[in-house]
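> Structure of the sequence below:
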Amino acid sequence: MHRHWLVLTLALAVALTLGHLVAKPTGGAGLASRASQMPKTQGAAEEQRDTEKAQAIHRVRQAEETPFYSCSCEQDEVIRPVRPYPSGADIAGLQTYLASFGFDPGPVDGVYGPLTAAAVAAFQRSRGLEPDGVLGPRTWIALGRTVASPVAQAPVPPPPGRVEIVIDTVDRTLTVLSDGKPYKRFPCAVGKPSTPSPQGQWKVVSKGAWSGGFGTRWMGLDVPWGKYGIHGTNKPWYIGDAVSGGCIRMFNHDVELIFDWVEIGTPVVICGNPFGPLRNPRRELGPGERGTDVLAAQRRLRMLGFDPGPENGMYEEPTANAVKAFQQSRGLRVTGVVTPDTYDALGLYLFE
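Alright, predicted model coming up:
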């Protein structure tokens, strides 16, 4: 425990230093589940109403005035065992998860066929749901609540001191601090290498009881170039992986627990990316791009005497002009776009 606390202390120091030094998320493909409608029983009609309600809430959220990027966790889709059978990584994860609780889905092949549907029906029956083998909103919610992580199985009192959060994207853990000391640690899922979780110091600026792809709770962060947050998931088999569009996913039981501990304004530090603020591979940066790599370029430009405008992680005209001036001063091709040679000239290298 002492060693892990030392690591957290160092991680926190690195993240704080990142604020002064330099060193479009894309959603996962949707499941192919738009098959022909099955005859509706009363339960199926209720599922359809739940689906329409969830989709309406999702559309309202997307229509809200939000910054540029939004969390790419998609709305849970209704999946039916109708040919051509839906398939994909989500279903493979579901099959593994069902098998771990004694519901045999057959081969873990990522295909939602009759055997997987029968396992889902058995799961539904065990949870008092209509055993129709259809993955609808109520079944997704039941899956999300199937098991608490080991941390959340016993009652946990609130932290006695000031609450802060440290998220380590390498260990894929979220640690709640109380007066600067570790209080509870939880497993989590983090951003993919192509859509990393935003490193830096943030604050919680919004909270809500949500549903669908966001699980049961949402805590939004003040990342200036997008809508990122800490939230639950109805696909618990992904906890511990780097799979999100940048958000931090937790077991629903865990996010519900810390939701009551976290107030608006709670500090959140995200650290641990072995490549620092950059993506691997380094992407070209030009007008319209946003992220920690843009922020790193802005900070390095300012350090070198070139004004990029606001240091906000958004690649706008002032940043492009500063890049052009920097490129001209270094004898590089003047494009206003950060390419590998410009990264190198700025001193922004990948490191491990």
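> give me the low-pLDDT residue ranges for the stretch 201-350 of the chain?
Along the stretch 201-350 of the chain, segments meeting pLDDT under 70 span 211-213, 273-276.
> could you redo the last one with a cut-off of 80?
210-214, 273-280, 350 (pLDDT under 80).
> can you pull out the strands in it?
Along the stretch 201-350 of the chain, the stretches classed as strands by DSSP state E, counting those that start in this stretch are 218-221, 226-227, 229-231, 242-244, 248-249, 267-271.
> ok, Glu316 touching Gly309?
Yes: using C-beta atoms under 8 Å, Glu316 makes contact with Gly309 at a distance of 6.4 Å. (Glycine included, C-beta is placed from N, CA and C.)
> Which neighbours do the two have in common?
The contact sets of Glu316 and Gly309 do not overlap (C-beta atoms under 8 Å, 6 or more residues apart in numbering).
> which residue is nearest the centroid of this structure?
Cys247 (2.3 Å; C-alpha atoms, centre = their mean).
> Spell out which residues make up each domain of the protein.
Per automatic domain parsing, the structural domains of the chain span 2-17+150-269, 45-144, 274-352.
> Doesn't Pro182 belong to a helix?
No: per DSSP: H, G, I helix; E, B strand; the rest coil, Pro182 lies outside any helix segment and is strand.
> Quick check: which of the strands of the stretch 201-350 of the chain is buried the most?
Sort those by mean neighbour count, taking mean count of other C-beta atoms under 10 Å, and strand 248-249 sits at the top with a mean of 29.
> which residues are contacting that one?
With C-beta under 8 Å, 6+ apart as the contact definition, strand 248-249 has outside contacts at 73, 167, 174, 188-190, 197, 215, 229-233, 238-239, 243, 270.
> Now the buried members of those.
By neighbour count, with 16 or more other C-beta atoms under 10 Å, these hold 73, 167, 174, 188-190, 197, 215, 229-233, 238-239, 243, 270 as buried.
> From one end of stretch 241-259 to the other, what's the distance?
Its first and final residues considered, stretch 241-259 spans 22 Å by C-alpha to C-alpha, to the nearest Å.
> what's the spacing between it and its chain's center?
7 Å (C-alpha atoms, centre = their mean, to the nearest Å).
> Over to stretch 230-244?
7 Å.
> begin at 21 from here
Sounds good: first residue 21 from here, last item stretch 250-264.
> what's the span of it from first residue to last?
End-to-end span of stretch 250-264 (C-alpha to C-alpha): 11 Å.
> again with stretch 175-185
Note: stretch 175-185 ends 20 Å apart using C-alpha to C-alpha.
> repeat for stretch 344-362
In stretch 344-362, first residue to last residue: 10 Å (C-alpha to C-alpha).
> And stretch 346-353, by the same measure?
10 Å.
> Contacts for that stretch next, please.
Applying C-beta under 8 Å, 6+ apart, the contact partners of stretch 346-353 are 321, 324, 326, 354-356, 361-362, 365-366.
> Which PyMOL command selects the buried ones in those?
Buried residues among the contacts of stretch 346-353 (16+ other C-beta under 10 Å), as a PyMOL selection:
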select buried, resi 321+326+356+362+365+366
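> List the ones among the contacts of stretch 346-353 that fall in helices.
Among the contacts of stretch 346-353, DSSP state H puts 321, 361-362, 365-366 in helices.
> contacting residues around the residue nearest to Val358 when sequence neighbours are not counted?
Among residues not flanking Val358 along the chain, Leu305 sits closest, at 3.8 Å (C-beta to C-beta, 6 or more residues apart in numbering). By C-beta under 8 Å, 6+ apart, the contact list for Leu305 reads 313-314, 317, 335, 357-358.
> Including distance to Trp281, could those go into a markdown table?
Output for those, formatted as a markdown table (distance: C-beta to C-beta, whole Å):
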| residue | distance to Trp281 |
| --- | --- |
| Asp313 | 32 |
| Val314 | 32 |
| Ala317 | 36 |
| Tyr335 | 36 |
| Val357 | 44 |
| Val358 | 40 |
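> Looking at those, which two lie furthest apart in space?
Asp313 and Val357 (12.9 Å; C-beta to C-beta).
> who's more crowded, the two?
Shown here are Asp313 and Val357; by other C-beta atoms under 10 Å, Asp313 has more neighbours (24 against 17).
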